[in-house]
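Enquirer: Predicted model follows, preceded by the sequence.
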Amino acid sequence: MSRDDILKVAARLFIQHGYHGVTTRMLARETGLSVGTIYHHFTDKKRLFYETLAFYVKKDPLLSSNVQSIEELFSYLIEHHRYYRNQTRLFIETRQIYSKIDDALKDPIFLKLRNELLSTYLGWIKSFIMKMYRFIPEEKAECIAQVVFYSSSGIFQAALFNPSLDLKTLLSVALEITTSYLATLNERKTTDVESDKRNF
């Protein structure tokens with residue numbers, strides 16, 4: 001069984017049972033490996049969890065998808081909502097590792113992983129926006145990427161704690177807000193260009 005195979009099983013267990021509910025013996029039983037073999041790959045449970053989360057994000061099909069507009073991006077999130085619910089569960093479970101948030105912010109392993117994950121998603125969304133909407137300056141694209149990422153993450157998190165929330169409706173509203181803002185930016189750019197032409 002490869003390292004990736006172990007991480008696949010670990011992801012399923014952490015999603016089902018949470019950080020504290022998963023033991024190395026449980027993982028050994030599910031993978032058919034010895035506890036010693038698992039410790040050979042992962043020095044401790046915290047590192048196993050973080051590597052599982054990083055693995056889950058890297059396998060996100062969105063990162064290799066061919067979405068062509070902000071509407072398609074939000075449609076993708078809605079269509080693959082189960083994946084993102086599970087991913088959100090894993091993100092939330094990081095809170096179980098520390099007694100205080102300050103402890104997490106002092107942990108170099110946590111900070112490294114957090115920065116890698118944010119860089120992966122925010123970098124991808126920013127690049128996507130700059131490619132699809134060429135009129136948007138880089139600093140605006142970065143800001144929009146943060147809004148899209150944090151709003152959608154917050155929606156998935158809220159839906160976990162309140163299953164009666166209509167995920168599709170909430171994401172659709174976030175889409176409307178984002179597209180309205182993009183349209184406003186486009187109008188401003190068009191107005192500026194026309195003004196420059198008149199002044200010329």
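Expert: That came through, no problem.
Enquirer: Low-confidence stretches in the chain?
Expert: Across the chain, the ranges flagged by pLDDT under 70 are 190-200.
Enquirer: center of it, which residue is that?
Expert: Closest to where the C-alpha atoms of the chain average out (CA atoms, centre = their mean) is residue 121, at 5.9 Å.
Enquirer: mind listing what that residue touches?
Expert: 57, 149 (CB atoms under 8 Å, 6 or more residues apart in numbering). (Glycine included, C-beta is placed from N, CA and C.)
Enquirer: Now the host helix or strand of it: buried residues?
Expert: Per DSSP states H and E, residue 121 falls inside helix 108-132. For helix 108-132, burial by neighbour count (16 or more other CB atoms under 10 Å) applies to 110, 113-114, 117, 121-122, 124-126, 128-130, 132.
Enquirer: Next: stretch 20-28.
Expert: 22, 24, 27, 28.
Enquirer: now the helices for this structure?
Expert: Ranges of helices in the chain, per DSSP state H, are 3-21, 24-31, 35-41, 45-58, 70-79, 81-93, 101-105, 108-132, 138-161, 167-199.
Enquirer: Near residue 155, how many other residues are there?
Expert: Neighbour count of residue 155, defined by other CB atoms under 10 Å: 21.
Enquirer: Over to residue 66?
Expert: Count around residue 66 with other CB under 10 Å applied: 5.
Enquirer: Tell me how far it lies from residue 14.
Expert: Note on residue 66: its distance to residue 14, by CB to CB, to the nearest Å, is 30 Å.
Enquirer: Kindly report the same for residue 158.
Expert: In this view, residue 158 and residue 14 are 21 Å apart by CB to CB.
Enquirer: Show me the domain layout of the chain.
Expert: 1-57, 60-199 (automatic domain parsing).
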